[in-house]
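Participant: Kindly return the folded structure for what I paste below:
(chains A and B)
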Amino acid sequence: MIGLVFAALRSRPAQALTVALLAAFVTASAVGVPVFLAAADRAVIGNEWAAASMAERTVRASSTVDLSGERDRSFESTVPARLSGGGFTRVFAAEADVNITGNGAVANPRFVFREDVCAHLALLSGRCPAGSGEVLVGQGFARLLGLGVGQAVRIQHAIPLPPPPPPAPPQAEGLGPNPAQPPMTVSVVGVFRVPDPGAAYWAMQSYFDANSLRNAAEPVFTTRGTLEALGHSRERQYVDALLDRSALRADRLAALRATIATRQGEQDGGAQTTSGIPALLDRIDRDRTTMRQVVPLAAVPLFGLGWFLLYFAVTYSAGERRGEIGVVKLRGTGRIRRWGLALGDSALAVLAGSGLGALAGAVAGGGQIWRYALPALAGGLVAVVLAGRRTFAGPVVDLLRQVPARSARWQAATVEGVLVALAVAAVLTLRSSTGTLTGLTLFAPGLVVLAVALLVARLVVPAAAASGNRALRRGRLARGLGALQLARRPGTARLLTVLVVALAELIFATGAADVAAQARTERVSVTLGAPRVLSVAPVPAAGLLGAVRRVDPQGRYAMAVSTVPPASDGDPPLLAVDASRLPQVASWWPEFGPLSAARVAARLRPPPSPAPVLIHGQEIVLDLTVERLDPAAGLHLFADVITVDDSFSQLADFGALRAGRHRYEAVMTRCLYVCRLTGFQLASASGVAAGLSLLLHGLTEGVRSTPLDAGFTRPGRWRTPQVRGDDPAARLGAGPDGLAVRLSGPATVANSRIVPVDTPYPLPVVSTAPLPRGTLGGAGLPVVRAGSAAVLPSLGRSGAMVDLEYADRMASSTEDASSAAVWLSASAPADIERRLAAAGLTVTGSRTIAADVRYLRGQGPGAGLRYHLLAGLLGMLLAVGGLALVAAVDRRRGPELWTLRAQGLPARTIARANRFAYATLVVAAVLLAPVAAAAAWWATGAQVPIFADGRTVVPPPAWPGLLPVLWPWLLAGALLLVAASVITSGRISPRRRRS
Amino acid sequence: MSGLAVACRRVVHIYRAEAGDVVALAGVDLSISPGEMLALVGPSGSGKSTLVALLAGLMRPSAGRVHIGSYDMGKLSEAEISRLRGTEIGVVLQGAIRNLLGYANLHRNIWLAQRRAAGTEGITLDDPDRILDLVGLPGLGRALVEQLPPGARQRAALAVGIAASPGLLLVDEPTSQLDSRGRDEVLTALETVNAERGTTIVVVTHDAQVGARLGRAVTIRDGRVGAEGRGGEDFAVVAGDGTVQLPPDVLGSFPPGTLFAVDNENGTVTLQPR
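Facilitator: The predicted model follows:
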């Protein structure tokens, strides 16, 4: 029997080869899925790794060791060992703050022992510290304090300074020497430079960040022994476990997550263990999940197409053997032998082809080959059996007479009906569910394409018949006969379905890719806020604003931006922008709402622009009349000033108040250049007496008593600020020649304050939702909603925007702006970073739309959509294969029209009719495929995942652009037409002509 | 296996078609004795191939009964008929190549045709070489059908038909494509099979000489048994419904509706047209 099957196989090598190739194609496509997924897993992991922050690559255990008693070594003896291995490289570090003076400057650097530190530093001079009392200093630090190799320096443990007592003296540094600990003399043995402050080794220790509190952007490195020898009461200890890139593998993700969860639960030696790695793992998981949602959308139709063609090929092959199998059946041969003879060769071909396909997958390095190859093989065998069943079923006499199977028509209609019903069910399920692609819904796009293709294919056959008859009546022989050939050939509808499905899948894939590309660009444009965003090292808001305005005085391409930290978790994020530049710099989309960027800017900075009171000297004189003064109160009046770059603020004391009109002078030592007057306030050690009356006549500055436009006589120029939980005690009124201030009740330093109106009050904000209350941000900025937008740049669907300059004037703080950044338009000059550096800003990072889009494209859905395109191309290959298959069968049989040769029909007309039939079929498929693809997109497109996190800031486009879909469609259509033309140009053998 | 008797009683067969029904057999009565050789002759479309198809169980009669041996073919299930064709009824289709798997040699073709009988108790099968000897193709077991001359192909088809040692062999047009030598070889083979096995053989043919050589030739005309020739002499046959067909040459002189007076004197029947 086996010999007979092999003999049958040998007798039809071309058919067997066709079936084997198709089976190999389907199996290779199936095992290609895990190969692709494995490669895509590596790619998405690499993508996320590249985008991961330092915290997302590190597990940090930290503990503060109290050294007041006996030194507790439990943390350093247990935790470093615990966090070693398993894909982690651990670094132990211990540190304390120290105070160092030298070269007329004071610094409070971190005094750090860090394992293997010298391997990560470039020594400019000297050597690595090895012995006791040896330290290594950074070049900036050495310059600041005038240090050099071999120099001895005194260091002392530093602790936070206590808050200044009232009345407030000039603000001091936050750290100072700890008087309880003895100083220690150490020797500088080397000066270093950091080749890469962002290297993984430094974890997120921020050793090299500028920090005005410390007055040093570099730590002092030393040995463990030296740190222990330093007298200090508390020591911070860290273990940074750095995740190795090689440990982040798809097959180890779950184990890694479990390891970190275990580590975070352990608290040896008072360790607090934190890690951003779970967030990274979450993103990778989301990537992999969404990728696995998208891949089946394309894989299932591709396999279906392959199986269908296999079925098609076996049906044709089997059709030629109906008589042969009829004879076998005539002899009463048993069912098993009959089926073995009928389908054994095809089944063997499928087995061989599938084996080859699986082998290709194994060579390509995919895992779980058999999990995918076996279903592909099973599908192939089912296709063979179905084709055989359709061909070989029926009475012997029908088989012998080569009568087509009678049941085929209603069976086909039933199958088509079931498929259409399934498509409807899948779409309804998808639309009624949360939109997650699981189960039947995974097949939804493919089913819709197939259903539409089947329906239109059903219409094409009668249309071809009608068109053929009409053409014949009009005497167009070739066209009429070609159309009739289409209508009569049983495979027309099937081939048309294959072509439509293949082309529609390609169109769907390119459409989905385009929608995803548009959505990614829109999302990045919105979330980034501008074509390019530079993050800068911490700097006060006014310093940021001034530097950017100096670089771009016209406001054409650069805008200073910072965030205002929220007062509580429920507050909307608040973004402060230099609003006058918003229209020129920010990316603005119609989805944001009716307010344009210019109108938002106008709402944030409504005219007129109030001017600040600026002081250009270090001395000011206030002409003041004081009435109803309680001499025992010892009241002082202070001018509150801040440098215009927010670097320093000062309460300048006018001295004790005296009854009557006097001139008071205050010296502002911090105001070396220009200061802004932010208010006047009273203070005394015993509180402020009620009922005090002040009349501010005028303000002059400098030794020449230059008058300042303080606006004491201008109504509305001064106001009392809102104080949380306390009503202002001061009442303002117009005096005869100045500003009258009356304290109506018990007053304190806080509520006696009066401030010049140099901003709109309250601050206007544009927000996406009504504001929860009248103040925003940790500083309690009084705000009012001046406009609404559905979406705001960088903030997305939730947040509020305020003018940075006004918010800064209102806050009047020397603290660094939060998340300081410079937004740049596309027209920013190429050397903008250098210009900003020259203006005093340190650029720490750069984000562009292109780079962020690249990151999103590298996420799971992007990878899935790339598979979609690949599957679309493979589907086109199958379509061409299907055309070739049908044409080959037609050639073997000889065109039916050839019989008309005997009646005088010219051969040329027959050839033209044949070409017309194929060309018409292809053109019909090319025209109908967009309809099928559009139907599938309409029904399911919104559910195709675009972003791994599922977050859409602005709704993605409902439809792809015309051009990105048009050219693949035209190219694929042209490919099919060329294929049809090449295929139909083949000559029909004389033997077939005779037949 | 010894030959099987065949009996057809008022067999009617109608083909159903969209354009209208076609009566292929309109009441055939025919009896064939076990071991007899018989030729069914007649013009194309007369119904002889339909009659053989009914004998082979490929179709069911629309009316009447067909008995093969002890089997009433109308009452058998498809599976039983299939078993019969694999054991007791051998069928050789018109066109030798249609009976054989072209890619398999004669041995394998015969082996395949014997499978059903091989699995049935009580049947002794001949060796394929012995069967080839029987049809005059000794030593050609490894040959493919396309390597044989036309006469040998037809005998190879016969070999497959008798592979399961059937009691009834139905052969459709075995000589239509053959020259006289080939025809003789085929007929000799049939006679050998009949002589050695006692197989009942029914041959459908256009060739009157084949009928003459087989000894009994039944002419099917317009779906009925029109005449029968035995020993070189032709006879009219009284059908089961009492009708008798006149020979075509006689009938040509009398249009339909002609009235005859029938005289029966001393066993001689005379028809007198009026």
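Participant: How about the residues of the stretch 101-250 of chain B by chain A?
Facilitator: Contacts of the stretch 101-250 of chain B with chain A, taken as Cβ under 8 Å from any Cβ of the partner chain, map to B:101-104, B:108, B:112-113, B:115-116, B:119, B:160, B:163-164. C-beta coordinates here come from the backbone N, C-alpha and C atoms, glycine included.
Participant: so what's the residue of the stretch 251-400 of chain A found nearest chain B closest to, chain neighbours aside?
Facilitator: When scored by Cβ to the nearest Cβ, the stretch 251-400 of chain A has A:G332 as its residue closest to chain B, at 2.1 Å. Once flanking residues are discounted, A:G332 sits nearest to B:G86: 2.1 Å by Cβ to Cβ, 6 or more residues apart in numbering or on different chains.
Participant: Pull up the per-residue confidence for A:E70.
Facilitator: With respect to pLDDT, A:E70 scores 79.
Participant: Can you verify B:Q154 is assigned to a helix?
Facilitator: Yes - assessed by DSSP: H, G, I helix; E, B strand; the rest coil, B:Q154 belongs to a helix.
Participant: how close does the residue of the stretch 101-250 of chain B found nearest chain A sit to A:A16?
Facilitator: With Cβ to the nearest Cβ, the shortest gap between the stretch 101-250 of chain B and chain A falls at B:Y103, namely 3.5 Å. To A:A16, B:Y103 is 12 Å away according to Cβ to Cβ, to the nearest Å.
Participant: repeat for B:A143
Facilitator: For B:A143, the distance to A:A16 (Cβ to Cβ) stands at 24 Å.
Participant: Neighbour count for these two, which is higher?
Facilitator: Using other Cβ atoms under 10 Å in any protein chain shown as the criterion, B:A143 and A:A16 rank with A:A16 on top: 22 against 16.
Participant: Leaving out chain neighbours, which residue sits closest to that one?
Facilitator: Using Cβ to Cβ, 6+ apart and skipping residues adjacent in sequence, the residue nearest A:A16 is A:A349, 4.4 Å away.
Participant: Show me what the helix or strand where the one you found lies packs onto, helices and strands only.
Facilitator: Here A:A349 sits within helix A:335-364, counting by DSSP states H and E. Judged by 3 or more Cβ pairs under 8 Å, 6 or more residues apart in numbering or on different chains; DSSP states H and E, the packing partners of helix A:335-364 are helix A:2-11, helix A:13-51, helix A:277-319, helix A:322-330, helix A:369-392.
Participant: buried sites along the first one?
Facilitator: Okay, so that is helix A:2-11. Residues of helix A:2-11 classed as buried by neighbour count (16 or more other Cβ atoms under 10 Å in any protein chain shown): A:4-5, A:7-9, A:11.
Participant: Out of those, flag the one nearest to chain B.
Facilitator: Using Cβ to the nearest Cβ, those come closest to chain B at A:S11, 3.5 Å.
Participant: Now do the contacts for the closest residue to that closest one other than its chain neighbours.
Facilitator: Nearest non-adjacent residue to A:S11, counting by Cβ to Cβ, 6+ apart: B:Y103, 3.5 Å away. Taking Cβ atoms under 8 Å, 6 or more residues apart in numbering or on different chains, we find B:Y103 in contact with A:7-8, A:10-11, B:144.
Participant: 10 Å instead, please
Facilitator: B:Y103 sits next to A:4, A:6-12, A:324, A:345, B:109, B:144-146 when contact means Cβ atoms under 10 Å, 6 or more residues apart in numbering or on different chains.
Participant: Tell me the one of these nearest A:Q485?
Facilitator: Proximity of the contacts of B:Y103 to A:Q485 (Cβ to Cβ) peaks at A:R12, which lies at 25.1 Å.
Participant: I'd assumed A:E320 was in contact with that closest one.
Facilitator: Yes - if you go by Cβ atoms under 10 Å, A:R12 and A:E320 touch, sitting 8.0 Å apart.
Participant: Mind checking which of those two has more residues around it?
Facilitator: The residue with more neighbours, out of A:R12 and A:E320, is A:R12; 18 against 15, by other Cβ under 10 Å.
Participant: and the residue of the stretch 451-600 of chain A nearest chain B?
Facilitator: For the stretch 451-600 of chain A, Cβ to the nearest Cβ, closest residue to chain B: A:R488, 16.6 Å.
Participant: what separates that residue from A:N469, distance-wise?
Facilitator: Distance of A:R488 to A:N469, computed by Cβ to Cβ: 12 Å.
Participant: quick one: buried residues of stretch A:944-962?
Facilitator: Neighbour counts using 16+ other Cβ under 10 Å place A:944-948, A:953-954, A:956, A:960 of stretch A:944-962 among the buried residues.
Participant: Which two among those are spaced furthest apart?
Facilitator: Spatial extent of the buried residues of stretch A:944-962 (Cβ to Cβ) is set by the pair A:A948 and A:P960 at 20.4 Å.
Participant: neighbouring contacts of the helix or strand containing A:A602?
Facilitator: Element membership for A:A602 (DSSP H and E) is helix A:597-604. With contact meaning Cβ under 10 Å, 6+ apart, helix A:597-604 is reached by A:576-588, A:592-593, A:595-596, A:760, A:763-766, A:785-789, A:792-793, A:801-807.
Participant: 7 Å - rerun?
Facilitator: For helix A:597-604, contacts defined as Cβ atoms under 7 Å, 6 or more residues apart in numbering or on different chains pick out A:579-580, A:582-583, A:586, A:588, A:764, A:766, A:786-787, A:789, A:801-803.
Participant: again with stretch A:850-858
Facilitator: A:43-44, A:47, A:51, A:520-521, A:524, A:528, A:862, A:947.
Participant: where does the stretch 51-200 of chain A have low pLDDT?
Facilitator: Residues of the stretch 51-200 of chain A meeting the criterion pLDDT under 70: A:163-173.
Participant: cool, chain B as well?
Facilitator: B:1.
Participant: go with 50
Facilitator: Under the criterion pLDDT under 50, no range of chain B is flagged.
Participant: before we move on, which element is the residue most central in space within it in?
Facilitator: The centroid of chain B falls nearest to B:V202 when counting by Cα atoms, centre = their mean (3.0 Å). Secondary structure from DSSP H and E places B:V202 in strand B:200-205.
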